[in-house]
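Trainee: Just the structure for this:
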Amino acid sequence: MPPSILWLCRDFRFRDNAALAAAAAAGPVLPVFLIDAALRAQGAASRWRLQRALLAFDAELRRRHGTGVLVLQGEPWDILPALATRIGAWSLHMNDWPDPATIAAQQRLGRALAGTALRLVLHPGHLLAHPRALRTGAGGGAYRVFTPFARALRAIGPDRPDTRTLRLSPLADPPPGLALDRLDLAPDLHGGRAVLDRHALPAGEAAAQARLGDFLDRAAGYAAQRDRPDLNATSGLSEHLAVGEIGPRDLWAAATARAKADPAASAGIAAFLTELIWREFAWHLLVECPRLAQQPWRPEWADFPWQGDSAELTRWRRADTGIALVDAGLREMRVTGRMHNRVRMVAASWLTKHLLADWRLGLAHFADSLTDWDPAANAMNWQWVAGCGPDAAPFFRIFNPERQAAQFDPRGRYRRRWLLGWQGAAGAEARAYFDSLPPGWDLARAWQDRATPERLAQGRARALKAHAGFRQPPDH
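Mentor: Residues are numbered from 1 along each chain as shown. Below is the predicted model:
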């Protein structure tokens, strides 16, 4: 049988990997990972995390089948046709990752393959269901509101995981590629690489499955505790999902099976699956609106008077706003590449409401800083908080960070963990933030509280005034 090429993108796993299973069934397989312009355009932290996923997958592939991943640099429409000709491949398999850059690359590759024997075969796996499977009854368009979307998805059920047994035959004489032990996908990562290394979660499919098992063992408390950043209540699976070390269909199947076996966990697992559907909703919207990260979902918001770069924005980026919960979250992200979801909403609300900064500036900072960066979720969630997105929170819903902290970090454990000097905090993780800073960031080591009632009230009033003026008719 002629060999097949497996084009790896965000699918560093063996379970529920339809592209890998199809390629393996067809004959010898050459797994390929490309360093292209789309990858280089990603944020540095997510590229750093993607490299860890690639290395873990390569090591497991070598352990199982004695062959590794071929890493090449260049654009897919240039590299893959020539590679197929060189090894005599007839098919090119890929798990579909439907972000705009990948779709554009697939289309350009398809044009390059026109008239050749090589064909690109796309397989499902990044989503619970194909966007074409979920359309509204009125006009057959995409759902624009989450609740009916979730209802429709639950009604049809997600696709089942691909459970085919893999018998992979490696290519006998693969071409040379880049040396993985000298690879650096994130040379532009901020100076805190060593800090990120120390706080990194284990990478790879085995680590993802272990984390899933750990979460399901404590899922009974998820619904009541998931908004508490001071507790270990969330799944911690977002990084693994983002790089495809676990698939959403596999995750759904495992969670629903546990809910049936353990009724005490069913409410928590139901809440968790709702969050998984929220991720799905974001991706379906991104497919429908490829410019979700560049343009407001609601066209009328194109004229909102968002503010550009400023000294306040710089302080926000440097986690030096003087608002405890906001700064704690931004420092957690700097040190670990992660941030609790409740705190993300508070930090985003402070930026877009109290500071009136353009949501795209916050989106860009998160995209460069998060190891669990997801292009669909990042774009939709920023628009949701800003008030200009699909199913968005009303603009007048402005998070009060002091009240949020009192409700969700009642004993201050989360703030104390990340803010050096806050109520005497002096732990290693609070100090680690300063280990990650580049030269020239003149920050006081002891955190300074600037959350006066007057400041909070003035920021809220400024946001409401801007919104009221924006909502007036043009001839008002």
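
Trainee: For residue 393, give me the pLDDT.
Mentor: Note for residue 393: predicted pLDDT of 69.

Trainee: Same check on residue 472?
Mentor: 60.

Trainee: what's the spacing between the residue nearest in space to the middle of the chain and residue 15?
Mentor: Centroid check for the chain by Cα atoms, centre = their mean gives residue 374 as the closest residue, at 2.5 Å. Taking Cβ to Cβ, to the nearest Å as the measure, residue 374 and residue 15 are separated by 20 Å. Glycine gets a C-beta too; all of them are placed from N, C-alpha and C.

Trainee: Could you do residue 58 as well?
Mentor: Distance, residue 58 to residue 15, by Cβ to Cβ: 17 Å.

Trainee: neighbour count winner among the two?
Mentor: Neighbours were counted for residue 58 and for residue 15 using other Cβ atoms under 10 Å; residue 58 has more, 21 against 17.

Trainee: didn't the more buried one look like it was pressed against residue 68?
Mentor: Yes: counting by Cβ atoms under 8 Å, residue 68 is a contact partner of residue 58 at 4.7 Å.

Trainee: Report the set of residues contacting both of the two.
Mentor: By the contact definition Cβ atoms under 8 Å, 6 or more residues apart in numbering, residue 58 and residue 68 are jointly contacted by residue 180.

Trainee: residues making contact with stretch 355-363?
Mentor: 293-294, 305-310, 312-313, 316, 347-348, 351-352, 378-379, 382-383, 385-386, 388, 459, 462-463, 466.

Trainee: An error on my part: the question was meant for stretch 253-268.
Mentor: So stretch 253-268 is contacted by 160-161, 212, 216, 219-224, 269-270, 272-273, 276 (Cβ under 8 Å, 6+ apart).

Trainee: farthest pair in those residues?
Mentor: Distances among those were taken as Cβ to Cβ; the most separated pair is 160 and 224, at 30.6 Å.

Trainee: Number of residues surrounding residue 293?
Mentor: By the criterion of other Cβ under 10 Å, residue 293 has 21 neighbours.

Trainee: Likewise for residue 35?
Mentor: Around residue 35 there are 17 other residues, counting by other Cβ under 10 Å.

Trainee: where does it fall, phi/psi-wise?
Mentor: phi -100, psi 100 (degrees, to the nearest 10).

Trainee: so where's this protein shaky on pLDDT?
Mentor: For the chain, the stretches flagged by pLDDT under 70 are 393, 472-476.

Trainee: ok, back up a step: in helices only, show me the contacts of stretch 355-363.
Mentor: 312-313, 316, 347-348, 378-379, 382-383, 385-386, 459, 462-463, 466 (DSSP state H).

Trainee: Name the member of the residues you listed with the shortest distance to residue 445.
Mentor: For the ones in helices among the contacts of stretch 355-363, the nearest to residue 445 is residue 316 (18.8 Å; Cβ to Cβ).

Trainee: ok, so what distance separates the closest residue to the closest one other than its chain neighbours from residue 362?
Mentor: Nearest residue to residue 316, sequence neighbours excluded (Cβ to Cβ, 6 or more residues apart in numbering): residue 351, at 5.6 Å. As judged by Cβ to Cβ, residue 351 and residue 362 stand 5 Å apart.
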